[in-house]
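K.L.:
Pasting a predicted model and its sequence here:
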Amino acid sequence: MKLALYSGGHDFENLGMDKALLDAIGKKNPKFAFIPSCSYLSHLEFREFVSQYRKHKVKKFIHFPIDTPFSSVMKEEVFSGDVIHLSGGNTFYFLKHLRKSKMLSELKKFVERGGVLTGLSAGAIIMTKNINTASFPSFDRDENEDNVKNLKGMGLVNFEFFPHYKNSTRYDRELLSYSKTSKRQIYACPDGSGIVMNEGRKTFVGKCYCFVNGEKILL
Amino acid sequence: MGHSAKKQKTITKSYGKFDSIDGSHPFKAAVPEGFIDYPARIRRGGKVAFFNYGLAKEMGLIPVSHQEKMDKELENKLLETFGIVIINEFDQMNGKRFSKKDLKPGKYMATRYLQLQHEDKTGRTSGDGRSIWNGQIKHKGATWDISSCGTGATALSPATAKHNRFFETGDPTISYGCGYAELDEGLSTALFSDIFHRNKISTEQTLCVIEYEKNYSINVRAHGSLFRPSHFFGYLKQGNYANLKSSIDYYIDSRREDDSFSNCPKGKKKYDYLLDYICKTFANVTAVFEDEYIFCWLDWDGDNILMDGGIIDYGSVRQFGLFHHEYRYDDVERFSTNILEQKEKAKRIVQTFIQLVDYLKTEDKKPLDSFKKHQVLEKFEEVFNQRKNYNLLKKMGLGEGAIEVLLTKHSGCVEDFKKVFSYFERAKSSKGLSRVSDGVSWDAIFCMRDLLRELPQIYLSRDEHISDLEFIEIIRSNYATERDLEINSYRKRRIREFQDLYSKLIEFSCKEDGTPKEKRLLEMTMRSAVINKMERVTGDAISLIVDLIMKQRKKLGSDEVYKLFKKFSSFQTMDPSGQSIPNKKFWSSNLMRQFYEIVKERREGI
């Protein structure tokens, strides 16, 4: 299984993550598909996405919003590619529409047959067992305006992911508290860092932290 | 100095420019018979429902630094400037008396122009039936005409012409002709025109909407020049040389400060200059209307459109999601033209200008038909076709450089592609003609915007043609039945032809400027994602959005409405350069989410 979980940040901050991802892909001229969390303004995010990976000589890109009607032709094109990227945005809205468009199971199958799935922030959270980490900290959380009740993610990894982490007391307070109630380890990654999974091997890129049973560990 | 005197001084300083909007307009002196002048009074009970701060700043009415926030002082100024009603013939004949403090010092003109719905057909009885011109202002080298709709029944309304009597403003026995306008109409125009304006389509813009009881309103509009071809066609039909000459001379002189008229000669040659301007303007505008699926009811009277091709009177204006070229608006007594007939009507307007200019130059009015083979009409066809070709290449997602090369060196290929593109774009449902909310239509079945958005990505991805089934799968709309989607041998050929020509154009453009194909396709992918955006507003969507606003009116102040419109319009700006970045906080309001859902839901409609 090949996965990359980006925390966030600018493209220049993510060079390490990009390199680890491209190593994991292990293929020349890969085809990247970009699934935005929401079609609104997604052309701008797509532009940034293209610019980020063109620096690494990637040439083939597809823009594939799933909260608007799409053709089966485009869908096939996306799933016949090498990499699918789930963008950042509102985690609840994104999950709702991935579920509504029946993409969650399709994406799982894609990963199982060797496709590389990457996610940034909300996109990365959705790759985990649940999207609880989108609901805190209280001062910087996603609003569940769509009233999404089923918070189950794709369950591709056995940990939880906390993006945009800042090494500060107020973040730690909420993460430590949550870790006491969660059965799984929570990996908290500042912007520019993240986790790359390559056939069972887990690589932490940049400074990452683990919160477990009320403790914080620098990885 | 007392407190009130001090306050008075502040008001004059802040919003003094509004005071010059007092009914005066240079047209009055130029063409004294071109209008009916009305005294007016303040109409009490008004409230500002919408104010376009951006436009007001551009016009110099408020300082650039002015907050986008309504205060009592500004609201009062708007109400006293624009919240007015004319004292019409009915009022005068019935000796109606009004409070002196409500009387406006200036007089306001209702201009005369030709309208096909008047039996007279020569413009003697027609013109601004429920509008008056508030005035004209200048700011930083630009001129703005300002007029208001809903300011009372004039003697130029169809009702007066038909019944040969004057009507009281607000007379409930007649709807169109009572002199009032409606709030939803004003808000629809404000939103629709802002979207077009941001997309560089010339249009009237809404400056302000003032609401009154029973959802009546006064809708204030502004544009560089609010003159329509119909303002001149009336005098032409009447053979009134003197008034025709003075009105045309006025128009040309009033535009000399604009870029498009800066080289206009003096003497009789100025009329040829005007004719050339009209020919190019109307050829370009109709080509854009066709390709952007904008329905604007053009007809021989030259009404519903401004001299610079700008859209005016949004009552029947629509933007289709697909090329619904059989749609006709039902105006009770007649059906409108359809989108394809717009070009012929525009050409007819140009032909009328040929007659008009010839008349001005020779003082001999010849029959309109004697100009049907005039070289200016050939020029019209040429400009129209060039613009259609340009529009198509732009919609493909090509940049300006690539477009120019293709238009100059491979125009044959572009023409062939345009033909096959039209074949699919114009395909209609087997269901036939049917009734729609405000007219009749025969549904288009293919969404070419979807194809233009997806094709470059697919070609980039797999570097080969898509199958016939895939082609149809991408372009099929919700209007298409299974029967409509049948792939017979003819359609198979057309699909192959489409893809061959599309690929050829890309190859030619790459060859000419040395751009690698993958890079070109990627550029096209990114540009086309914006130009052919899935969530493009239609006329149906605008109506539903305004309905939603009307239902929430009690909760929404004018500033909220302005902000909502501004956000929504910027989201509807199809600027592939990426320079017009819409507000990222689009989602901050639940109402915006509902707008978004409406747009998605109605994206294929009329």
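P.N.:
Ah, there it is. Since the structure is predicted, the reported quantities are computational estimates derived from the model, not experimental observations. Residues are numbered from 1 along each chain as shown, chains lettered A, B, ... in the order given.

K.L.:
in chain A, which spans are helices?
P.N.:
Remark: helices assigned in chain A by DSSP state H are A:15-25, A:42-54, A:72-79, A:91-100, A:103-112, A:122-126, A:169-181.

K.L.:
Tell me which of these is the most buried.
P.N.:
Ranked by mean neighbour count under mean count of other C-beta atoms under 10 Å in any protein chain shown, the helices of chain A are led by helix A:122-126, which reaches a mean of 26. For every residue, glycine as well, the C-beta is placed using N, CA and C.

K.L.:
Against which helices or strands is it packed?
P.N.:
When contacts are defined as 3 or more C-beta pairs under 8 Å, 6 or more residues apart in numbering or on different chains; DSSP states H and E, helix A:122-126 sits against strand A:2-6, strand A:83-86, helix A:91-100.

K.L.:
Need the helices of chain A in JSON lines (columns: mean pLDDT).
P.N.:
Output for the helices of chain A, formatted as JSON lines (pLDDT from 0 to 100):
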{"stretch": "helix A:15-25", "mean pLDDT": "95"}
{"stretch": "helix A:42-54", "mean pLDDT": "93"}
{"stretch": "helix A:72-79", "mean pLDDT": "96"}
{"stretch": "helix A:91-100", "mean pLDDT": "96"}
{"stretch": "helix A:103-112", "mean pLDDT": "97"}
{"stretch": "helix A:122-126", "mean pLDDT": "97"}
{"stretch": "helix A:169-181", "mean pLDDT": "95"}
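
K.L.:
So for residue B:468, which of these sits nearest?
P.N.:
Of all those, helix A:72-79 sits nearest to residue B:468, with 11.6 Å by C-beta to C-beta.

K.L.:
re the thing from before, can you list the helices and strands packed on helix A:122-126 in JSON lines and add distance to residue B:529?
P.N.:
Below are these laid out as JSON lines (distance: least, C-beta to C-beta, whole Å):
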{"stretch": "strand A:2-6", "distance to residue B:529": "22"}
{"stretch": "strand A:83-86", "distance to residue B:529": "16"}
{"stretch": "helix A:91-100", "distance to residue B:529": "18"}
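
K.L.:
For residue B:377, grab the count of nearby residues.
P.N.:
Using other C-beta atoms under 10 Å in any protein chain shown, residue B:377 has 18 other residues around it.

K.L.:
hmm, back to that, of all the helices and strands packed on helix A:122-126, which lies closest to chain B?
P.N.:
Nearest of the helices and strands packed on helix A:122-126 to chain B, taken as C-beta to the nearest C-beta: helix A:91-100 at 8.2 Å.

K.L.:
Give me the contact list for the closest one.
P.N.:
If you take C-beta atoms under 8 Å, 6 or more residues apart in numbering or on different chains as the criterion, helix A:91-100 is touched by A:37-38, A:66-67, A:86-87, A:104, A:107, A:121-123, A:125-126, A:131, A:134, A:142-146, A:148, A:150-151, A:153.

K.L.:
near chain B, which residues of chain A show up?
P.N.:
Proximity of chain A to chain B, by C-beta under 8 Å from any C-beta of the partner chain, involves residues A:31, A:38-44, A:46-47, A:50, A:59-63, A:65, A:68-69, A:71-74, A:77, A:80-81, A:90, A:145.

K.L.:
filter the contacts of helix A:91-100 to the buried ones?
P.N.:
Taking 16 or more other C-beta atoms under 10 Å in any protein chain shown as the criterion, what is buried in the contacts of helix A:91-100 is A:37-38, A:66-67, A:86-87, A:104, A:107, A:121-123, A:125-126, A:131, A:134, A:142, A:144, A:148, A:153.

K.L.:
who's in contact with residue B:260?
P.N.:
So residue B:260 contacts B:277, B:308 (C-beta under 8 Å, 6+ apart).

K.L.:
Can I take it that it is in a helix?
P.N.:
Yes. Assessed with DSSP: H, G, I helix; E, B strand; the rest coil, residue B:260 lies in a helix.

K.L.:
per-residue confidence for it?
P.N.:
We have a pLDDT of 91 for residue B:260.

K.L.:
Likewise for residue B:475?
P.N.:
97.

K.L.:
Show me what residue B:107 is bridged to.
P.N.:
residue B:39 (DSSP bridges).

K.L.:
With the one 4 residues further on instead?
P.N.:
Following DSSP bridges, residue B:111 is listed with bridge partners residue B:35.

K.L.:
what about it, how many residues close to it?
P.N.:
26.

K.L.:
Repeat that for residue B:364.
P.N.:
8.

K.L.:
How about the contacts made by it?
P.N.:
Residues in contact with residue B:364 (C-beta under 8 Å, 6+ apart) are residue B:358.

K.L.:
now it: how far from residue B:471?
P.N.:
Per C-beta to C-beta, to the nearest Å, residue B:364 is found 57 Å from residue B:471.

K.L.:
Tell me the residues of chain B that contact chain A?
P.N.:
Counting by C-beta under 8 Å from any C-beta, the positions of chain B adjacent to chain A are B:450, B:454, B:457-458, B:460-462, B:466, B:470, B:473-474, B:518-519, B:522, B:525-526, B:529-530, B:533-535, B:571, B:578, B:581-582, B:584, B:586-587, B:590, B:593, B:596, B:600.

K.L.:
Of those, keep whichever come out buried.
P.N.:
B:450, B:454, B:457-458, B:460-461, B:466, B:470, B:473-474, B:518, B:522, B:525-526, B:529-530, B:533-535, B:571, B:582, B:586-587, B:593, B:596, B:600.

K.L.:
Let me see the ranges of the strands in chain B.
P.N.:
Ranges of strands within chain B are B:35-42, B:47-51, B:84-86, B:103-111, B:131-139, B:142-149, B:181-182, B:205-211, B:216-223, B:294-295, B:318-319, B:328-329, B:434-436, B:439-441, based on DSSP state E.

K.L.:
can these go into TSV with extra columns for distance to residue A:182 and mean pLDDT?
P.N.:
Rendered in TSV, the data for the strands of chain B read as follows (distance: least, C-beta to C-beta, whole Å; pLDDT from 0 to 100):
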stretch	distance to residue A:182	mean pLDDT
strand B:35-42	67	98
strand B:47-51	50	98
strand B:84-86	67	98
strand B:103-111	71	97
strand B:131-139	62	97
strand B:142-149	62	97
strand B:181-182	57	96
strand B:205-211	54	98
strand B:216-223	57	98
strand B:294-295	55	96
strand B:318-319	50	96
strand B:328-329	61	92
strand B:434-436	55	92
strand B:439-441	57	93
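
K.L.:
Would you mind telling me which of those is nearest residue B:173?
P.N.:
The nearest among these, by C-beta to C-beta, is strand B:216-223 at 15.9 Å.

K.L.:
Partner strands of the closest one, with direction?
P.N.:
Here strand B:216-223 is paired, per DSSP bridges, with strand B:142-149 (antiparallel), strand B:181-182 (antiparallel), strand B:205-211 (antiparallel).

K.L.:
Out of the ones you listed, which is the most enclosed?
P.N.:
Mean neighbour count (mean count of other C-beta under 10 Å) peaks for strand B:205-211 among the strands paired with strand B:216-223, with a mean of 27.

K.L.:
That one versus strand B:131-139: what angle between them?
P.N.:
130 degrees (axes from the mean of the first three to the mean of the last three C-alpha atoms, to 10 degrees).

K.L.:
quick check: angle from strand B:205-211 to strand B:47-51?
P.N.:
Going by the same axes, to 10 degrees, strand B:205-211 makes 160 degrees with strand B:47-51.

K.L.:
what's the distance between strand B:205-211 and the middle of its chain?
P.N.:
Counting by C-alpha atoms, centre = their mean, to the nearest Å, strand B:205-211 is centred 16 Å from the centre of its parent chain.

K.L.:
how close does the residue of the stretch 301-450 of chain B found nearest chain A get to residue B:380?
P.N.:
Evaluated by C-beta to the nearest C-beta, the stretch 301-450 of chain B has residue B:450 as its residue closest to chain A, separated by 7.1 Å. According to C-beta to C-beta, residue B:450 stands 32 Å off from residue B:380.
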